[in-house]
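J.: okay, here's the prediction I keep looking at, along with the sequence it came from:
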Amino acid sequence: MIVEITSVLKKRPVLKPEEEPKNLYKLKLAKTQKENWFVVYKQKEGQEVLRNMFFLRFKHLYSTTALNSILGLTEACKGNTSADHKYFLVMIKWYLMVKTTLYNLMLKLLKVHKRQQSYSPLVFGTKGEIFGFKRTVSNV
């Protein structure tokens with residue numbers, strides 16, 4: 001079973017590209033769009049400031065810091081109703097709770113009593129890695 005889980009985790013997610021709305025630069029920043037549940041936000045790349053879309057269904061591709069900043073944007077936007085903000089808040093908090101629980105469970109499953117092991121995060125796909133963490137064993 002662990003082999004099946006690691007093989008699934010090594011695969012890169014394949015995303016169906018969303019069509020960018022023709023009026024992306026006319027949409028209000030941080031306003032929740034209910035059609036596909038997305039929010040428009042600004043991102044600075046070098047000297048350019050670009051507008052991007054955060055789709056709620058792709059929340060697993062963003063870091064916790066990015067998710068918190070998007071929550072702050074949706075809360076600050078006066079065009080959003082409290083129900084819209086609550087929907088985003090509940091979905092993202094639920095995802096963060098599940099992510100933290102799975103991470104803690106993974107650490108407990110990989111704990112070995114006879115040898116002390118340290119795990120350093122790596123990119124998926126290299127040799128000697130378990131759940132995306134390379135195992136280094138030291139005799140203590």
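T.: Cool, the structure landed.
J.: please make it C-alpha for all contacts and neighbour counts, starting now.
T.: Noted.
J.: pLDDT weak spots in the chain?
T.: 1-6, 8-18, 112-140 (pLDDT under 70).
J.: longest helix of it?
T.: Using DSSP state H, we find that the single longest helix of the chain is helix 82-109.
J.: just the buried positions in that helix, please.
T.: Residues of helix 82-109 classed as buried by neighbour count (16 or more other C-alpha atoms under 10 Å): 84, 85, 88, 89, 92, 96.
J.: out of these, which comes closest to residue 59?
T.: Using C-alpha to C-alpha, residue 92 comes nearest to residue 59 of these, at 7.3 Å.
J.: the closest one: what's it in contact with?
T.: 59, 67 (C-alpha atoms under 8 Å, 6 or more residues apart in numbering).
J.: ok, the one 4 residues further on next?
T.: Shown in contact with residue 96 (C-alpha under 8 Å, 6+ apart): residue 64.
J.: how is the chain carved up into domains?
T.: Domain ranges of the chain: 21-109, 113-140, per automatic domain parsing.
J.: and the strands in the chain?
T.: With strands called from DSSP state E, the chain shows them at 32-33, 38-45, 48-55, 116-121, 129-130, 133-138.
J.: now residue 64, nearest residue through space, not along the chain?
T.: Leaving aside its chain neighbours, residue 64 sits nearest to residue 96 (7.5 Å; criterion: C-alpha to C-alpha, 6 or more residues apart in numbering).
J.: just residue 71 next, same as before
T.: Closest residue to residue 71 apart from its sequence neighbours, by C-alpha to C-alpha, 6+ apart: residue 89 at 6.6 Å.
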